[in-house]
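Enquirer: what would the 3D arrangement of this be:
(2 chains)
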Number of protein chains: 2
Amino acid sequence: MKRFPINQGVPGFKFAGISAGIKGNSLKDLGLIFAEHPCSAAAVFTKNSVKAAPVLVCAEKTKNNSVQAVLVNSGNANACTGLQGIKDTYRTSDTLSLQLGLNRTLIAPFSTGVIGVKFPVQKIIKSLPRLIKNLSAENSKSFAESILTTDTCIKTSALKDTINQETVKVLGIAKGSGMIMPNMATMLAFIVTDISIEKKLLKSILKEINEKTFNMISVDGDMSTNDSVIVLSSNLSKTAVTNKSSNAYNLFKKMLHRAMKELSEMIVRDGEGATKLIKIRIKNAKTDSDAKKAAFQVANSCLVKTAFFGEDFNWGRIMGALGSSGASFDMNHVALFINNISAVKNGQGIEKNILRLKKTIKKREIDLLIDLKNGNKSCEVSTCDLSYEYVRINAHYTS
Amino acid sequence: MKRFPINQGVPGFKFAGISAGIKGNSLKDLGLIFAEHPCSAAAVFTKNSVKAAPVLVCAEKTKNNSVQAVLVNSGNANACTGLQGIKDTYRTSDTLSLQLGLNRTLIAPFSTGVIGVKFPVQKIIKSLPRLIKNLSAENSKSFAESILTTDTCIKTSALKDTINQETVKVLGIAKGSGMIMPNMATMLAFIVTDISIEKKLLKSILKEINEKTFNMISVDGDMSTNDSVIVLSSNLSKTAVTNKSSNAYNLFKKMLHRAMKELSEMIVRDGEGATKLIKIRIKNAKTDSDAKKAAFQVANSCLVKTAFFGEDFNWGRIMGALGSSGASFDMNHVALFINNISAVKNGQGIEKNILRLKKTIKKREIDLLIDLKNGNKSCEVSTCDLSYEYVRINAHYTS
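Expert: Numbering: from 1, shown residues only, chains lettered A, B, ... in the order given. Model (predicted):
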């Protein structure tokens, strides 16, 4: 598996990203992915019961149909906008379908930004001709820029591999940096590939990988109304994935997994105000659910996150979070390792390692291994620390 | 019901608070409440499965026995200290019992402070004679000071009332300002009264009121290893509470409820870095559990808390938190009121009230009423905002 420059694109796809004035400045805020032909499409959405209008519309559209174009705006979430919000979503995507000469079912809509503000239909419709004109196979960077909100950088993963003697490409583009919690809070990810694959198989792969990647990250424990991940395959490659036992299936799955894992880590690394990437690995939990509960309780503890921000070796807070997670374990058996240095054994601190531990927590990447010694289940969650900057960003987001 | 100055004390009780050098400076960190006779005692403790040594010991001691003295230290939690921590707890409280000439079962031990640091047995034992010498009926302020950690002020509630022609007093003294979440994270509360009441009845009242007061506050969603609430009655008043249908029962319950409610709100108001007290009231939830889930999801949302800190009227984050709570409701029916001003109706913002809402969120106290319109259950949770100061305090606590 190798990387490729994102401006080399993926056969069958064109990209565009422009400023439509939604953000009220000159930043890009309207993006389009257009495929030459209808694509196999699979998508997953937020589990928040307060769903944004585009999530409701897009889930309906992608359920059984192909997708040929993806329309995304940033700066406005079109969430908590009632029936009008749904009408507005249809209005913009239907207008786009007319201008592209496509059946209206083939357009998948996405939005991200402030919740509860009227959707800027006119600004979007007025900008569609310019957006279409901007389309090109090399333009994925503009698209990646157009979907950002509080992100400080674009997030892309471009991988290629030879499968059955043919080159297959996967290009993933994501946004997200706050309100990040399992079930993909405030994150959007668009992944295009040229491999030949049917909708049903693509969907099963996406669901499986999503559970291990985008659903295993957390910035602040808040789940958004707009999260969405969509994978489109142009089916232009001669390499086809037809069943789960094939070599092509396994290789493609590996590519998609790597792309989605990379994007999800980029989101955490760019977590609002984050200064550290913290990987929390739970080992030897009694059940899968216990492993997940323990990992997310530690990942979402404000006290653990501020301690890491302060580079303060306060392992008691990790124990406190574990104890309140509801996971089953004996506190007198727990072991903790930070960057492979033993910090806690049998529930008690290893005093002789304190100097080494104080040094290692100054690193930008923290690997926190927690051995619950109560079974054989494991899981891995990525998170970031909680800084002054997180508070600054979020205290003044709408105004 | 009236207030009384705390230095007037409660018949039957003496208090002391001194510096034993546990905090490494001259601040008070060792406290004692001593009763003339064994008291009826009821206590509740943290539900965190990682319990501090004093919690384990105190729960065992108070289960069936009376209590005549309460020994508290701040600056060290004696948590995650293994078997040695338990031995150390017995050692200090047994030494105290000898010096006071009491049966060792009559001493209830409590600790609060940093987790995972060896318990300073010698410092405490060396200071016990001075602590006992410091005892006086007027000294409750010194005791209140000796139990503080990151608190910025002492927390007391002193109430008296005439019940059956006799004056009855309730004096509550608490500490706590971070790691506060249901099940009383990092908080200690000591309540003394002179009413005559049996252990069993006292326990049932404490449990009931605790659920509505200390278990309905949250600062940061983190639950501590050391939380404890204990009520002691000297039984010196001629007024006796003998059964649940008596007038004395109802009046005493009201006093205790008010004292515990006041103390719990003081804890939230003094929440680490808090600039606002936010009361979240859920109305018309389908079940009690739904009401609680919805209230705590909003109370613990970093995005909601930072928005209030920034005095930024971002109601979409409240909707987002509600939707991820797991409570059952229809997002198109939800209504929100902030300080009695309608903010959201049928899931959508009330634009005409925006100026008034932007003004009201600048207040120090926020009353957030959320009507789920899906049943008739309600609940109330108190929390605070999330500020730079919270991050500062918690990034540098142990060092």
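Enquirer: what's near enough to touch the residue nearest to residue A:362 when sequence neighbours are not counted?
Expert: Closest residue to residue A:362 apart from its sequence neighbours, by C-beta to C-beta, 6 or more residues apart in numbering or on different chains: residue A:311 at 5.1 Å. For every residue, glycine as well, the C-beta is placed using N, CA and C. By C-beta atoms under 8 Å, 6 or more residues apart in numbering or on different chains, the contact set of residue A:311 is A:358, A:361-362.
Enquirer: among those, which are in helices?
Expert: residue A:358 (DSSP state H).
Enquirer: so where do the helices sit in the stretch 251-399 of chain A?
Expert: For the stretch 251-399 of chain A, the helices defined by DSSP state H, counting those that start in this stretch occupy A:288-299, A:302-309, A:315-323, A:354-360, A:388-395.
Enquirer: for chain B, what's its nearest residue on the stretch 101-250 of chain A.
Expert: residue A:115 (2.3 Å; C-beta to the nearest C-beta).
Enquirer: mind pulling up the pLDDT for that residue?
Expert: According to the prediction, residue A:115 has pLDDT 83.
Enquirer: tally of neighbours for it?
Expert: When neighbours are counted by other C-beta atoms under 10 Å in any protein chain shown, residue A:115 registers 27.
Enquirer: list the contacts for the nearest residue to it once chain neighbours are set aside?
Expert: Using C-beta to C-beta, 6+ apart and skipping residues adjacent in sequence, the residue nearest residue A:115 is residue B:316, 2.3 Å away. Taking C-beta under 8 Å, 6+ apart as the criterion, residue B:316 is in contact with A:77, A:79-80, A:114-117, A:225.
Enquirer: same question, residue A:251
Expert: Residues near residue A:251 by C-beta under 8 Å, 6+ apart: A:161, A:163, A:168.
Enquirer: give me the buried subset of those residues.
Expert: Neighbour counting over these (16 or more other C-beta atoms under 10 Å in any protein chain shown) leaves A:161, A:163, A:168 as the buried ones.
Enquirer: so which helix or strand takes in the last one?
Expert: Residue A:168 belongs to strand A:166-175 when elements are defined using DSSP states H and E.
Enquirer: same check on the first one?
Expert: Residue A:161 belongs to strand A:155-163 when elements are defined using DSSP H and E.
Enquirer: in its sheet, what does that strand sit against?
Expert: If you go by DSSP bridges, strand A:155-163 pairs up with strand A:2-3 (antiparallel), strand A:166-175 (antiparallel).
Enquirer: okay, now residue A:166: neighbour count?
Expert: Neighbours of residue A:166 under the rule other C-beta under 10 Å: 15.
Enquirer: surely it and residue A:240 touch.
Expert: No - in this structure residue A:166 lies outside contact range of residue A:240 using C-beta atoms under 8 Å: 9.5 Å.
Enquirer: and stretch A:346-355, which residues are buried?
Expert: Quick answer for stretch A:346-355 (16+ other C-beta under 10 Å): A:347-350, A:353.
Enquirer: stretch A:140-159 now?
Expert: The neighbour-count check on stretch A:140-159 (16+ other C-beta under 10 Å) flags A:140-151, A:154-159 as buried.
Enquirer: tell me the mean pLDDT for it?
Expert: pLDDT averaged over stretch A:140-159 gives 93.
Enquirer: end to end on it, go ahead and measure it.
Expert: One end of stretch A:140-159 to the other measures 14 Å (C-alpha to C-alpha, to the nearest Å).
Enquirer: off-centre distance for it?
Expert: 12 Å (C-alpha atoms, centre = their mean, to the nearest Å).
Enquirer: same deal with stretch A:134-141?
Expert: The chain centre lies 22 Å from the centre of stretch A:134-141; the measure is C-alpha atoms, centre = their mean.
Enquirer: repeat that for stretch A:272-288.
Expert: 16 Å.
Enquirer: same question for that stretch, mean pLDDT?
Expert: Computed over stretch A:272-288, the average pLDDT equals 91.
Enquirer: pull out the buried positions in that stretch.
Expert: Quick answer for stretch A:272-288 (16+ other C-beta under 10 Å): A:272-286.
Enquirer: dump the residue contacts of residue A:173.
Expert: Contacts of residue A:173 by C-beta under 8 Å, 6+ apart are A:6, A:140, A:143-144, A:147, A:154-156, A:189-191, A:263.
Enquirer: same thing but 7 Å
Expert: A:140, A:143-144, A:155-156, A:190 (C-beta atoms under 7 Å, 6 or more residues apart in numbering or on different chains).
Enquirer: if I look at it, how far off is residue A:320?
Expert: 39 Å (C-beta to C-beta, to the nearest Å).
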